Structure formats: structure tokens, C-alpha cells
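1. Pasting the sequence and the predicted coordinates here, then a few questions.
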Amino acid sequence: MDKGSGLVGIMVANQHERKYALQKYLNCNKTNMKLFCFTPADIDWKRNSITGIHQTNRKWLLRKFPFPDVVYNRCYRLNPQIIERLGTIIGSNKCFNHINQFNKHEIHIHLSQWLAQYLPETILYDKENVLRLLDAHKVLYVKPCYGNKGKSVYRVEVKDSKEIHIGEHHFLPKIIVEDSQQFQVNMDKLVGSTPYIIQKGVDIQSLNEQVFDIRVLAQKNKRGQWSATNVISRLAHKGCFNTSMCEKVCLSEKALKQLYPPDKVNAIIRSIYDISLRAAEIIEMGTHCHLGELSVDLVLDSAGFLWIIEVNGKPQKELYDEIDKRDSVYKRPLEYAHFLQKK
């Protein structure tokens, strides 16, 4: 394989992902760069080579490659020393997405310096904090600091009767307790030793009795600048608060047009772009990590105000498979890699 036109290595977590991931990007590669896919275990540091999979004449082949010009990291959990070692060989600015697994509390701290008005109150979980915030806000969301597709997220609501309802995925509670002591016992079992955050509950806008979010895919473009590739909404199943378990995905503009007049929709879309791209810049600056893409999850409350709910370091690309212009989701990281290769 000729490296003269540029060589990009896409790093994934395990060997089973290599062919699937590479095919997605090969289909959308409009650059003249050559692509191969590898895992951290495929790196031979002693021989300065990487065993990776690539495609030639529609055949999948496994071979050794020199270290590429650019590495696009798609591993969710990765030892940071691997990124550091790659950086010393190919250049510290030639590997992007230094981290893909964000700590929700740390991200909140970074964003709160500049975008505090768009953030629901969020603090680390402990016994005192959860009772204090529950008393103040009546509805809370309790989430793992390191989330994974909406798993183990709990909705807590104190009712007028003083009962406390705990729900997982659904508004209907899985646990009902009568006092704070019983509540704490149950929450301790659910949370265990895992680090969690507590987030003030937002009265989320619904569409046809379905809660929906607004996910902005922010990616760096061929000029190295943050841009919004796609803005989509996930509609939760009826009775569910967790949009990660969605019934369908659509362009956010389509969802918003069913709720608001055109002028209001345009204003909301402009705000979504402004907030999300600013968030991407702040996170990259705050973490001191070289990033190339992330997704920002927002919701509208019943008054039409936007809130940042969380930010994801490894966007789920499959969400876009049925959406118009889905190729851009895969094309843009390669354009950014091309930008880095030319620097």
C-alpha cells in the first residue's frame, strides 16, 4: 500500500469491530488517503509496525503497516499511555479523540464556566446531596459519572404525599418508599460504589406524549474547525424518560416543526448550533485533549428553553444510518484526518 497519498489508521477496541468499522469509512472516503483499521493490541512497538485490516480489490486482507500519518481513535476506554506513545512516534497533533469516555461531573465543571445558564444543577452523588436536592427540586436524575447508553440511570421524584418514587427507564416507578431512610437504603443498593452524579430534573418537552432529546454531532471539518454535522432527535417510547431506549430517530427540525411556528424553529436551531459548538470548544480547551468529534445532548423544557443534559465523547454513528446526509457522519472525520496529514 502506497503511503505517499497519506495513511490513516482507525483504532477500535477489539478485532471483531475492525471490518465493520472500516467498511463504513471506506464507503465515505472522498480523500485520496488510504485507510486501515487496528486495535491497540495490534501495535508492535518494538518493530514500529501495526497489524491491521484493509481492503484491496474488494478483498479483506490482514497485513503489517508502518505507523500511519494520522490515527483516528474510536476506542471508548483506552489507556492514555497508548495515545501518548503514538503521539511521540507520529506527532502529538496527529492522533485525535485522545479520550472518548467523558466523566459527566468533570464535563459539567468545564461547561459551567461559560455555559452555566444552559446547565441544570449537577453535583456529585452522596447521601446528603441527594436529599437536599430532592427537597429543592422534587425531581432528580441520578446518573453514573461514566455512562453507557443510558444504562443504570434513575429518575427520583418526591410526591405530594411524601412518597419517593424511583424509576429506571420509565416514569412509572420500580421502587416506592415512604421516607428518606428507606430511600437511602434503596439508592445505596442501586448506586453501590460506582461514582454517580445528581442532576436537577428538567420538565422535558414532549411530542405526541413522547419525551425527545436533541443530539448535535459536532465534528471538526476539512479546515480543522468545529462544525455541526447533524442535529437529530431520539423519541423515547411512551412512558419512558430514557431517550437512549428510543422508538425512532428523526431530524430535530422535523420534530420542532410539529411544536413551534417556523420563526421559533429557526431561532431554536440557531441556538442549538451556537450552544453545541461552544460546548465542543470549551471541552477541548478544558480537558487539554485533542478531539475531533463529540455529541451534545440537549432538551427543551415546557417553556421552550434549551438545557444541556450531557456530552458524549464517542457518538453512536448507527443512530444516523436512516437519516438524510448520513455519509457526512463518516466522511467528516476523514476530511479532518486529511487536514492533519497536510499540516
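-> Yes, it's here. Residues are numbered from 1 along each chain as shown.
2. mind showing which ranges of the stretch 51-200 of the chain have poor pLDDT?
-> For the stretch 51-200 of the chain, not a single residue meets the criterion pLDDT under 70.
3. what about the strands in it?
-> Taking DSSP state E, counting those that start in this stretch, the strands of the stretch 51-200 of the chain run over residues 59-66, 70-73, 95-96, 122-124, 139-144, 154-158, 164-168, 175-177, 196-200.
4. Tell me which residues touch Lys19, please.
-> By CB atoms under 8 Å, 6 or more residues apart in numbering, the residues touching Lys19 are 37, 53, 60. In short, each C-beta sits where N, CA and C put it, glycine included.
5. that older thread, highest average neighbour count across the strands of the stretch 51-200 of the chain?
-> Most buried of those by mean neighbour count (mean count of other CB atoms under 10 Å) is strand 70-73; its value is a mean of 26.
6. Can you tell me what sits against that strand?
-> 6-11, 83, 86, 90, 94-98, 100, 292, 333-334, 337, 340-341.
7. now Ile83: how far from Asn103?
-> Using CB to CB, to the nearest Å, one obtains 17 Å as the distance from Ile83 to Asn103.
8. More neighbours: which of those two?
-> Ile83 (22 against 17; other CB atoms under 10 Å).
9. Tell me if I'm right that that one and Phe96 touch.
-> No: under the criterion of CB atoms under 8 Å, Ile83 makes no contact with Phe96, lying 9.7 Å away.
10. Check the offset of stretch 152-159 from the chain's centre.
-> Relative to its chain's centre, stretch 152-159 lies at 22 Å (CA atoms, centre = their mean, to the nearest Å).
11. Over to stretch 46-60?
-> The answer for stretch 46-60 is 29 Å, by CA atoms, centre = their mean.
12. quick one: contacts of it?
-> Outside stretch 46-60, the residues that reach it (CB under 8 Å, 6+ apart) are 1, 9, 18-19, 22-23, 26, 34-38, 42-44, 61-68, 89.
13. out of these, which are buried?
-> 9, 18, 22, 34-38, 42-43, 65, 67-68 (16 or more other CB atoms under 10 Å).
14. Distance to Ser302 and secondary structure added to the residues you listed, as TSV?
-> Shown next, in TSV, are the buried ones among the contacts of stretch 46-60 (distance: CB to CB, whole Å; DSSP: H, G, I helix; E, B strand; the rest coil):
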residue	distance to Ser302	secondary structure
Gly9	47	strand
Arg18	45	helix
Leu22	44	helix
Lys34	51	strand
Leu35	46	strand
Phe36	49	strand
Cys37	45	strand
Phe38	48	strand
Asp42	50	helix
Ile43	51	strand
Phe65	54	strand
Phe67	53	coil
Pro68	49	coil
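15. nearest to Leu115, of the residues you listed?
-> Closest to Leu115 out of these is Gly9 (34.0 Å), distances taken as CB to CB.
16. so that closest one makes contact with Phe38?
-> Yes: the pair Gly9 / Phe38 is scored as a contact, 5.7 Å apart, by CB under 8 Å.
17. Quick check: neighbours shared by these two?
-> In terms of CB under 8 Å, 6+ apart, Gly9 and Phe38 are both contacted by the residues 50, 52, 65.
18. quick one: the helices in the chain?
-> 15-26, 80-90, 104-112, 127-137, 180-191, 252-257, 262-287, 327-342 (DSSP state H).
19. Sounds good, over and out.
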